[in-house]
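Q: Predicted coordinates and the sequence they were generated for:
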Amino acid sequence: MVFFYKLTPGTALSVSFLNIIEYIPGNEEKADKENRPRCQLCISSRMDLFKRCKTWIFSCLSLLLAGAMAFPSFAFYRTPTNKKGVLCSDINMLDDIVELGASQVILNFNVGTSDPAAFVNLLTAMNQKGLTVTMILNNTYRPGEAIVPEGASEAPNGMYSFNASSQEGIAMTTRVASETAAAFANLVSNWIIGNEVNNEADWNKFSSDDFEAYTKNYAEAFRIFYNQIKTANPEARVFIPFDHNWNQTVKAGWFTSRETLMKLNSYLSDTDYGIAWHPYPQDFMNADFTNDSRATESTDTPIVNMKNLHILTDAMQQPELLSPTGAVRHLLMSEAGFNSNRGEAVQALAVYQAYHLANENPYVEGFLINRLEDAPPEVAQGYSFGLWYTSGSESNPTSRKLAWTYYQQAQ
């Protein structure tokens, strides 16, 4: 072990720890055997050097210990250069994202089925391209695992609530949250816990569709992930996702975003949670949101999308929804989908208009298009949200749509 003791600017003394121990008082006999000088001046000098180095070593160790206590984790946040982003998990398309002019990327990580090692390579490549990464965490464990709420029926999309309603569930959720946060601590800037949490029925299957029990469980699970993520990386931001159904319900287990937000805020107002919004047009088949009749100027509007986004950001400025520091909470448009099935021109114009509206709203920190490449399973249902056409699979893009060019040019 070698230590460097700074003497004057530009110079340093290299001190071997073993040599220091060799010259401590009482080791003069060893020096004799090796025919080293034992003059009183030499011994005195060595003893003095030992004392000074020992003092310096313990001072350094004290400083390191104090630093470790003050900064227990790695602090990392990649500030994006603009609000432009896109959903993509194709490592071969990262150069295309950069060419698009985007500085943000979002992707899904299915806790329970995704391979963390494979994601490390992908996320590392994204960061090397200068992209701010947002990761969505979905619970795709199967019923019977403690992390899935006991009694939950089969989830239509294979996604469940994280279980925080039993001791076993809390233990497994905490372990999974800790492992996931540690694996990606220096790679992910924004984390989203679940998908459209106002919709228990389709995306967050719980043991029942009781609003009180469901929201309490989500709040507890969110807090577990929040604490583990913040422990791994204090600078990371953690978001709660909502769909555009501000004040309308669709079916049992599908609650309004407004009532879900207010209920979760009552549990989580002491945290610095952010909001991840999905501002789809009222008709997923029609990209033109500018004439959406259910996106009104009323605070009781049925939906909130890019046409009337200020309804949401106005609400976020109310005292009861401010962060613990008194600031307006972080906000992402984390899933903005515009269909091209009515023609590329309709999609392109909608993308261009929506991005400008996001850019003009000072509270929006990211506008993330769903998605870079068409997903064949979605296309089969009539949803061609991508900026690229694909053939056979999402990893086989064929040609850019007009919306890609419009989005690139949007400033």
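A: The structure has been received and is ready for your questions. Residues are numbered from 1 along each chain as shown.
Q: Tell me where the model's unsure across the stretch 251-400 of the chain.
A: Within the stretch 251-400 of the chain, not a single segment meets pLDDT under 70.
Q: Can you list the residue ranges for helices in the stretch 151-300 of the chain?
A: Secondary structure of the stretch 151-300 of the chain, counting by DSSP state H, counting those that start in this stretch: helices at 167-183, 200-203, 211-232, 257-268.
Q: Tell me which of those helices approaches P397 most closely.
A: P397 lies closest to helix 200-203 among the helices of the stretch 151-300 of the chain, at 26.7 Å (C-beta to C-beta). In short, each C-beta sits where N, CA and C put it, glycine included.
Q: ok, residues contacting that closest one?
A: 156-157, 159, 161, 194-197, 206, 209, 214, 251-255 (C-beta atoms under 8 Å, 6 or more residues apart in numbering).
Q: Now the buried members of the residues you listed.
A: Neighbour-count burial (16 or more other C-beta atoms under 10 Å) applied to those gives M159, S161, G194, N195, E196, V197, F206, D209, Y214, G253, W254, F255.
Q: Including distance to K83, could those go into a markdown table?
A: Shown next, in a markdown table, are these (distance: C-beta to C-beta, whole Å):
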| residue | distance to K83 |
| --- | --- |
| M159 | 28 |
| S161 | 30 |
| G194 | 23 |
| N195 | 21 |
| E196 | 21 |
| V197 | 23 |
| F206 | 33 |
| D209 | 35 |
| Y214 | 32 |
| G253 | 33 |
| W254 | 29 |
| F255 | 28 |
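Q: Show me which of these is closest to A295.
A: Using C-beta to C-beta, E196 is the member of the buried ones among the contacts of helix 200-203 that sits closest to A295, with 17.4 Å.
Q: Setting the sequence-adjacent residues aside, check what's closest to that closest one.
A: D243 (4.3 Å; C-beta to C-beta, 6 or more residues apart in numbering).
Q: ok, the one you found - how many residues close by?
A: When neighbours are counted by other C-beta atoms under 10 Å, D243 registers 24.
Q: for the one 4 residues further on, same thing?
A: Other residues within reach of N247, judged by other C-beta under 10 Å, total 18.
Q: From here on, call the first residue 79.
A: I'll keep to 79 as the first residue from here, and by that count the last item is N325.
Q: confidence score at it?
A: N325 carries a pLDDT value of 98.
Q: ditto for A260
A: At A260 the predicted local confidence, pLDDT, stands at 97.
Q: N216: what's it in contact with?
A: By C-beta under 8 Å, 6+ apart, N216 lies in contact with N186, F187, N188, V189, M237, G272, N273.
Q: Quick check: the last one vs A354, distance?
A: Distance of N273 to A354, computed by C-beta to C-beta, to the nearest Å: 9 Å.
Q: Identify the contacts common to these two.
A: Residues touching both N273 and A354 by C-beta under 8 Å, 6+ apart: P319.
Q: and the residue nearest to E274, what is it in contact with?
A: E274, N276, N277, S335, H356, Y358.
Q: Quick check: the gap between R372 and F262.
A: For R372, the distance to F262 - C-beta to C-beta - is 38 Å.
Q: and those two? which has more neighbours close in?
A: Legend: neighbour count by other C-beta under 10 Å for R372 and F262, higher for F262 (22 against 19).
Q: Could you find the closest non-adjacent residue to the more buried one?
A: Per C-beta to C-beta, 6+ apart, closest to F262 is L201, 6.2 Å.
Q: Wait, a helix at the one you found?
A: Yes: using DSSP: H, G, I helix; E, B strand; the rest coil, the secondary structure at L201 is a helix.
Q: Show me how the protein divides into domains.
A: Domain assignment for the chain by automatic domain parsing gives 80-148, 162-487.
Q: Out of those domains, which one sits most buried?
A: domain 162-487 (a mean of 19; mean count of other C-beta atoms under 10 Å).
Q: first to last residue in that one, what's the distance?
A: 11 Å (C-alpha to C-alpha, to the nearest Å).
Q: Repeat that for stretch 398-408.
A: 15 Å.
Q: Pull the residues that contact that stretch.
A: By C-beta under 8 Å, 6+ apart, stretch 398-408 touches 315, 317, 339, 343, 347-353, 391, 393-395, 441, 443.
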